[in-house]
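Trainee: Next input, structure requested:
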Amino acid sequence: MPIKIGLIGKTNTGKTTFFNSSTLSSDEISTYPFTTKKSSTSTGYAITLCVHPEFNVNDNPNNSKCKDGWRYIPIELIDVAGLVPDAHRGRGLGNKFLDDLMNADAIINIIDFSGETNEEGEKIENPEYDPLNEVVFIREEIDLWLAGVIRRNWGSVERFSRGPNFNMEKSIASVLSGLGIKSRDILSCLRKIEYPPMPSEWEDSDYEQLARLLRKMSKPSIVVANKIDVAPEENIERLGDIGEEISAVAAQYELILRRGNGRGIIRYDPGDNTFDVIKELTEEQEVGLNKIENVMKEYGGTGVQNSLNRAVYEMMGMITVFPVENESHWVDGKGNKLPDAYLMPSGSTPRDLAYEVHTDIGEGYLYAIDARSNRRISEDYGLKEGDVIKIVSTAK
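Mentor: Numbering: from 1, shown residues only. Prediction:
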């Protein structure tokens, strides 16, 4: 299953533009609140260096793509409808869209850094609204929504408490595992907080305390300061004041570049810090591309692909591993060289990789070989970025 990343924010932050520029989808974009009336999903990519140049071979990608030495690994993006204050109470499009985040592995919180819209996502004539408020507002909406989900499921924990051999931590983990949160994360959170010994004694503050910690641990997030191309200088100077991981982004410019590349006007790949013009431009196109070029020079690109990569590799702590069936020729059973690339949590073992490839291979796991050294590696070896690994299993 690909990694799932939820794109959230108030209405009119440019969320759907970010989504379209990452996936080349064509979802409707508008300045009206709630243009996105239902969540959309599409494929984006985490991009990392491919290992085929190191081995001096041409690769044959199967589950991913390779271009100019860069491996594009599919991830799923979820464009969630814009949130408004009290969305967790059902206001706006409310809980339905917060529920769409349940299965997201990470969150990109997109804020309108231009300050041209208020907290409701409405255009304002004399901007006095502080866009940094959106960071706290969105985070609190997620926390309160999650606390509400915990509260609604709490009756099951109370029923467990009336049975023999009741264990608070295991009971809570069992009930909340349906949130798409790993049991080990739930247990880890519970061991970091103080809470009443009996479920019947829990209050709203206890649910909210657990929700905040669960959100931090299970839904790592990054803030995207979008519309950096039209943000006033005073906002740009405050980028460092957010106190969280943040990326400066011009999603509209990324969308223009991606479409321009598709039409053969320019040559551009996601994440590049520049582009090449390959077709004669109109005067309007030249003026527009000059503006884009200036922003890219200042920020090292449009920031869209950088945000996706940071969400996957920094916030989630993933690494890329290349499994092969032949450690000497780096091929699969059909002779394809370096065909697959898998995103794995940092600290994963060869057995974890075996299960990721296929459950049967994991269950039949015997040992693994490092294709660079042609040596057998220990079962507790911690996989590293760019490892090429042969799995030996009883399964075929």
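
Trainee: who touches residue 79 in this structure?
Mentor: 7, 15-16, 19, 27, 36, 39-42 (Cβ atoms under 8 Å, 6 or more residues apart in numbering). All C-beta atoms are positioned from the backbone trio N, CA, C, and that covers glycine.

Trainee: Filter those residues down to just the ones in helices.
Mentor: 15-16, 19 (DSSP state H).

Trainee: Of those residues, just say which sits nearest to residue 136.
Mentor: Proximity of the ones in helices among the contacts of residue 79 to residue 136 (Cβ to Cβ) peaks at residue 15, which lies at 17.9 Å.

Trainee: Can you name the residues that contact that closest one?
Mentor: 7-9, 36, 79-80, 82, 110.

Trainee: how about a cut-off of 7 Å?
Mentor: 7, 9, 79, 82, 110 (Cβ atoms under 7 Å, 6 or more residues apart in numbering).

Trainee: My guess is residue 153 contacts residue 173. True?
Mentor: No: taking contacts as Cβ atoms under 7 Å, residue 153 lies outside contact range of residue 173: 11.8 Å.

Trainee: Let me know the helix or strand that residue 12 is in.
Mentor: In the assignment (DSSP states H and E), residue 12 maps to no helix and no strand.

Trainee: in this protein, which ranges drop under the pLDDT threshold?
Mentor: The chain contains residues with pLDDT under 70 at 25-38, 84-99, 126-128, 180, 242-244.

Trainee: how far away is the closest residue to residue 181 other than its chain neighbours from residue 107?
Mentor: Residue nearest to residue 181 in three dimensions, not counting chain neighbours: residue 218, with 4.4 Å by Cβ to Cβ, 6 or more residues apart in numbering. As judged by Cβ to Cβ, to the nearest Å, residue 218 and residue 107 stand 10 Å apart.

Trainee: Quick check on those two: which one has the bigger neighbour count.
Mentor: residue 107 (25 against 20; other Cβ atoms under 10 Å).

Trainee: Does the more buried one belong to a helix, a strand or coil?
Mentor: strand (DSSP: H, G, I helix; E, B strand; the rest coil).

Trainee: re earlier: of the contacts of residue 15, which belong to strands?
Mentor: Among these, the residues falling in strands (DSSP state E) are 7, 79, 110.

Trainee: Could you check how far the second one is from residue 191?
Mentor: Read it as residue 79. For residue 79, the distance to residue 191 - Cβ to Cβ - is 35 Å.

Trainee: what does the first one give?
Mentor: Here residue 7 is placed at a distance of 32 Å from residue 191 (Cβ to Cβ).

Trainee: Neighbour count for the two, which is higher?
Mentor: Set residue 7 next to residue 191 and count neighbours by other Cβ under 10 Å: residue 7 wins out with 26 against 8.

Trainee: my guess is the more buried one meets residue 78, correct?
Mentor: Yes: if you go by Cβ under 7 Å, residue 7 and residue 78 touch, sitting 6.5 Å apart.

Trainee: so how far is stretch 55-67 off the chain centroid?
Mentor: What separates the centre of stretch 55-67 from the centre of its chain is 24 Å, taken as Cα atoms, centre = their mean, to the nearest Å.

Trainee: From one end of it to the other, what's the distance?
Mentor: Using Cα to Cα, to the nearest Å, one end of stretch 55-67 lies 16 Å from the other.

Trainee: Which stretches in the stretch 151-300 of the chain count as helices?
Mentor: For the stretch 151-300 of the chain, the helices defined by DSSP state H, counting those that start in this stretch occupy 154-161, 168-176, 183-190, 204-218, 233-236, 251-262, 283-299.

Trainee: Dump those helices into JSON lines; add distance to residue 54 as well.
Mentor: Listed next are the helices of the stretch 151-300 of the chain as JSON lines, based on distance: least, Cβ to Cβ, whole Å:
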{"stretch": "helix 154-161", "distance to residue 54": "52"}
{"stretch": "helix 168-176", "distance to residue 54": "42"}
{"stretch": "helix 183-190", "distance to residue 54": "35"}
{"stretch": "helix 204-218", "distance to residue 54": "35"}
{"stretch": "helix 233-236", "distance to residue 54": "39"}
{"stretch": "helix 251-262", "distance to residue 54": "28"}
{"stretch": "helix 283-299", "distance to residue 54": "29"}
